[in-house]
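Asker: what's the 3D shape of this:
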Amino acid sequence: MRSETSSAPTEKSIQYEERLVCFIDLLGFESAIKNSNGNSSSNTQIFNALHATLSELEGGRLVNLLHQSVPVLTSKGEFTSSEKAGTTTIAQQTWPIVVTQFSDSFVLSCSADNPGSCRMLLRAIDKLQNIFFWHLGMLMRGGVSKGPLIHIQSGPLFGPAMNEAYMLESKSAIYPRVLFASQAATHLHQIWGTELSPFFDTFDGHKAMDLISCLRLNHQHEPQDWDKFSEQLSRVENDIAKKSPAALPKVKYLQDRFLHLQQSISS
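Answerer: Alright, predicted model coming up:
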C-alpha cells in the first residue's frame, strides 16, 4: 500500500528590511484635545484646526505633497514641480516613503539603500514640524534610527529600528527636536557629503535637527522669514503659558536656539 504525503502551501517569505525610520510625537496634544471639547468659539476653532491638519496628513497625503513638489527640469531649461510636469507617480515609485499616523504620533520610513528616499524622509520631517508650528501653533519631537524594520502602508509596523526610534523620542529628545541614532547619523552624513545639512551637535551629545536648523538652511538668504518665525514663536509661547505652563521649558529651548542663530548671523 502506497502512502502519500502532502504539504500545505507556504506563504511568501517576509523578512526585515534595512530601513531608516522616524518616530514623531506631537507635543501638547492632550491639552489641545481638552481645549477642543466645548461649545465656545475657541473650542470650535481648535477642533477645526486639529481636524483639518490631521486630515491633510492622513495616510499617504504627506508623502504625496512631497512627491508633488519634487523639482523637474523641463525641455525649456526651466524648473517646475513634478505635479505640474505630470511626473508625481514616477517620483513616488523612485523615492518611496511609508507613513503611519495614530493619534498624536507619526512613523515615517524608507529603504536605507535609497539615498533619494532618505533625503525625502528628512524633507517630510521638516514639512511636519512646520505644519504643526504654523497651522496648529504646536511643537514636535522625534527619534530617527536605522535598522531592521517591517513597515507596510496601512499594514504591519514593527522591528528593532522602530523600538530604537521610539526610545530616542520618548527618553532622550525631551525638547522639540529630532535626534538621530549613531548609525542613522553616519548613514545620512555619507549621503549628504559636504553639502549644507540640517544636522547639528546637541549640548547632550546627539546629532539632531529642529525648526531652527531647518530655518537656517532653508531661509539663509531671507531674513524676513526669521522675523515671521520669531512672531509665531512668541504666539506659541503665550499660548503654552496660558494652557500648559509646565511645558514652557520646551519653547524656551527653541527661543535660545533662535537667539544663537541671530547672534551668529549678526557677528
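
Asker: what sits against residue 117?
Answerer: Shown in contact with residue 117 (Cβ atoms under 8 Å, 6 or more residues apart in numbering): 20, 95, 96, 97, 110, 111. Where you see a C-beta, it was placed from the backbone N, CA and C, and this is true even at glycine.

Asker: surely the first one touches residue 113?
Answerer: Yep, that's residue 20 we're talking about. No - taking Cβ atoms under 8 Å as the definition, residue 20 is not a contact partner of residue 113, at 9.6 Å.

Asker: quick one, which of the two is more surrounded?
Answerer: residue 20 (29 against 11; other Cβ atoms under 10 Å).

Asker: what's across from the more buried one in the sheet?
Answerer: residue 110, residue 146 (DSSP bridges).

Asker: any idea how far it is from residue 46?
Answerer: Distance of residue 20 to residue 46, computed by Cβ to Cβ, to the nearest Å: 34 Å.

Asker: and if you look at residue 218?
Answerer: Note on residue 218: its distance to residue 46, by Cβ to Cβ, is 28 Å.

Asker: show me the contacts for residue 156.
Answerer: residue 150.

Asker: how about 10 Å then?
Answerer: By Cβ atoms under 10 Å, 6 or more residues apart in numbering, the contact set of residue 156 is 14, 100, 150.

Asker: mind putting the residues you listed into a markdown table with neighbour count?
Answerer: Shown next, in a markdown table, are the contacts of residue 156 (neighbours: other Cβ atoms under 10 Å):
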| residue | neighbour count |
| --- | --- |
| 14 | 9 |
| 100 | 19 |
| 150 | 17 |
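
Asker: which of the residues you listed fall in strands?
Answerer: 100, 150 (DSSP state E).

Asker: out of the contacts of residue 156, who's nearest residue 24?
Answerer: residue 100 (10.6 Å; Cβ to Cβ).

Asker: low-scoring stretches of the protein, by residue?
Answerer: Low-confidence segments of the chain, defined by pLDDT under 70: 1-12, 59, 220-224, 267.

Asker: buried stuff in stretch 259-267?
Answerer: For stretch 259-267, a neighbour-count test (16 or more other Cβ atoms under 10 Å) marks residue 261 as buried.

Asker: please apply the same query to stretch 13-24.
Answerer: Under 16+ other Cβ under 10 Å, the buried positions of stretch 13-24 are 17, 19, 20, 21, 22, 23, 24.

Asker: go on, stretch 226-237?
Answerer: In stretch 226-237, counting by 16+ other Cβ under 10 Å, buried: 226, 229, 233, 236, 237.

Asker: JSON lines please, covering those and showing distance to residue 91.
Answerer: Formatted as JSON lines, those follow (distance: Cβ to Cβ, whole Å):
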{"residue": "226", "distance to residue 91": "31"}
{"residue": "229", "distance to residue 91": "29"}
{"residue": "233", "distance to residue 91": "33"}
{"residue": "236", "distance to residue 91": "33"}
{"residue": "237", "distance to residue 91": "38"}
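
Asker: possible to save the residues you listed as CSV with distance to residue 260 and secondary structure?
Answerer: What follows is the buried residues of stretch 226-237, written out as CSV (distance: Cβ to Cβ, whole Å; DSSP: H, G, I helix; E, B strand; the rest coil):
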residue, distance to residue 260, secondary structure
226, 13, helix
229, 14, helix
233, 14, helix
236, 18, helix
237, 17, helix
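
Asker: of all residues in the chain, which one is nearest the centre?
Answerer: residue 125 (2.1 Å; Cα atoms, centre = their mean).

Asker: can I get the host helix or strand of that one as PDB, trimmed to CA atoms?
Answerer: Taking DSSP states H and E as the definition, one finds residue 125 inside helix 115-131. Written as PDB, here are the backbone C-alpha positions of helix 115-131 (Å, rounded to 0.1, in the frame of the first residue of the first chain):
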ATOM      1  CA  PRO A 115      19.600  57.800  -0.900                       C
ATOM      2  CA  GLY A 116      16.800  59.800  -2.600                       C
ATOM      3  CA  SER A 117      14.200  58.400  -0.300                       C
ATOM      4  CA  CYS A 118      16.400  59.100   2.700                       C
ATOM      5  CA  ARG A 119      16.600  62.800   1.700                       C
ATOM      6  CA  MET A 120      12.800  62.800   1.100                       C
ATOM      7  CA  LEU A 121      12.300  61.400   4.600                       C
ATOM      8  CA  LEU A 122      14.100  64.400   6.100                       C
ATOM      9  CA  ARG A 123      12.100  66.700   4.000                       C
ATOM     10  CA  ALA A 124       9.000  65.000   5.400                       C
ATOM     11  CA  ILE A 125      10.200  65.600   9.000                       C
ATOM     12  CA  ASP A 126      10.800  69.300   8.200                       C
ATOM     13  CA  LYS A 127       7.400  69.500   6.500                       C
ATOM     14  CA  LEU A 128       5.600  68.000   9.500                       C
ATOM     15  CA  GLN A 129       7.300  70.300  12.100                       C
ATOM     16  CA  ASN A 130       6.400  73.300  10.000                       C
ATOM     17  CA  ILE A 131       2.800  72.300   9.500                       C
END
